[in-house]
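Asks: this is a predicted model, with the sequence first.
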Amino acid sequence: MELLLKRIHKTLNSTIGELFVDGKFECYTLEDVERAVKIKNETAIPKGKYKVIINRSTRFKKDLPLLLNVPNFEGVRIHSGNTNHDTEGCILVGQTRATDFIGNSRKAFDKLFAKLQKAKEINLTIE
């Protein structure tokens, strides 16, 4: 499975994107701000290609997608949430978007996660 995250709108507080699954639009994303120098819990991960696995999150106490080998980051997950206050460098997903906000996040996550669980291999490209 190929995931593509296109970052489309940036503010001083967040970065909104569009997530595509095998070339088809799936949902919106919200991340922290892109920065040249990483600030802990306040910086979007670097653009690039990442392998994604599903494993148990000790923080959330459930299985979640995890990005592997992210430079200078650990524990980067894809999960539900609505604003930059809900992420510490992770990728949030939602069905609607507004400035610094994504909505219907749990519905978007559940739909995406069902697809991810069926995949043998998951690759994510962030542009």
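Replies: Ah, there it is.

Asks: which regions of the chain sit below the pLDDT cut-off?
Replies: For the chain, applying pLDDT under 70 flags no range at all.

Asks: quick one: the strands in it?
Replies: Using DSSP state E, the strands of the chain run over 2-10, 15-21, 24-31, 48-57, 62-67, 78-80, 91-94, 96-98, 101-103, 122-126.

Asks: deepest of these, which one?
Replies: strand 91-94 (a mean of 26; mean count of other Cβ atoms under 10 Å). C-beta here means a position set from N, CA and C on the backbone, and glycine is covered the same way.

Asks: hmm, who's touching it?
Replies: Applying Cβ atoms under 8 Å, 6 or more residues apart in numbering, the external contacts of strand 91-94 come out as 5, 19, 26-31, 45, 67, 76-82, 86, 102-105, 108-109, 112.

Asks: so how far is it from its chain's centroid?
Replies: Strand 91-94 has its C-alpha centroid displaced from the chain centroid by 5 Å (Cα atoms, centre = their mean, to the nearest Å).
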